[in-house]
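Visitor: Sequence and predicted model, in that order:
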Amino acid sequence: MAKEDLKKFLYKVEQLQQMVNSLNHFDDRRDLLAACEDHNQVVSLARSWGYEIGRRWGEADYELRQLTEENLLGRPIPLDGQQDKYLIQESSHWRLELISSCNSACYHNRWDEFKEHEWMLILRGSLLLRLKDSDSMVELNVGDHFYLAPHSLHRLEKTDPSPGSAWLALFWIEEG
């Protein structure tokens, strides 16, 4: 672990310890913490109490990234509740897109269905997918990848709030 990473890690641990100690002094905090449904809500709640526990281990601080066209994660964050697609490369049988989403979900219970195969790799944040055929939920975090067969009915249930979620999506059609 690099010296700077060690400092960040120890600071996060210290902030977590202080937050846990505060639960003994403020009766309502334990209930508020228990009501959190995901990591982002815990981070937001901790921040409201004055503790900075950060996002997930290994995720760089978004503000520290240099914003350039060459850096896919340096592209602008979509507005709250929105999703953007950026075409990276394509040919006649495939396309590679960067999809960025900020606190977004499919509305009106709409199901997405693509005629292509789809493979996705999470680069930032997390997302929650619902699969209609199995009525199951799939949570994907940084580094996770997932494959959807053609005509798989699915919908995006939620993505992270700012700085949002970003993933690569590779779509392809079988030749022949």
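Guide: Yes, it's here.
Visitor: Could you check the pLDDT of residue 30?
Guide: What the model reports as pLDDT for residue 30 is 89.
Visitor: pretty sure it is touching residue 22, no?
Guide: No - when contacts are counted by CB atoms under 8 Å, residue 30 is not listed as touching residue 22 (9.8 Å). C-beta: built from backbone N, CA, C; applies to glycine.
Visitor: Between these two, which is the more surrounded one?
Guide: Residue environment comparison for residue 30 versus residue 22 gives the larger neighbour count to residue 22, 16 against 12, counting by other CB atoms under 10 Å.
Visitor: ok, that one - contacts?
Guide: The neighbourhood of residue 22, defined by CB atoms under 8 Å, 6 or more residues apart in numbering, consists of 29, 49, 51.
Visitor: Name the nearest residue to residue 95, ignoring sequence neighbours.
Guide: In space, and not counting its chain neighbours, residue 95 is closest to residue 171: 5.2 Å by CB to CB, 6 or more residues apart in numbering.
Visitor: Helix or strand for that neighbour, just tell me which one.
Guide: In this structure, residue 171 sits in strand 165-172 according to DSSP states H and E.
Visitor: got it, and residue 29?
Guide: With secondary structure defined by DSSP H and E, residue 29 is part of helix 27-34.
Visitor: From the rest of the structure, what touches the very next helix or strand once past that helix?
Guide: Elements were assigned by DSSP H and E; along the chain past helix 27-34, the next helix or strand is helix 39-48. Where contact means CB under 8 Å, 6+ apart, the residues beyond helix 39-48 that reach it are 15, 19, 32-33, 36, 52-56, 126, 160-161.
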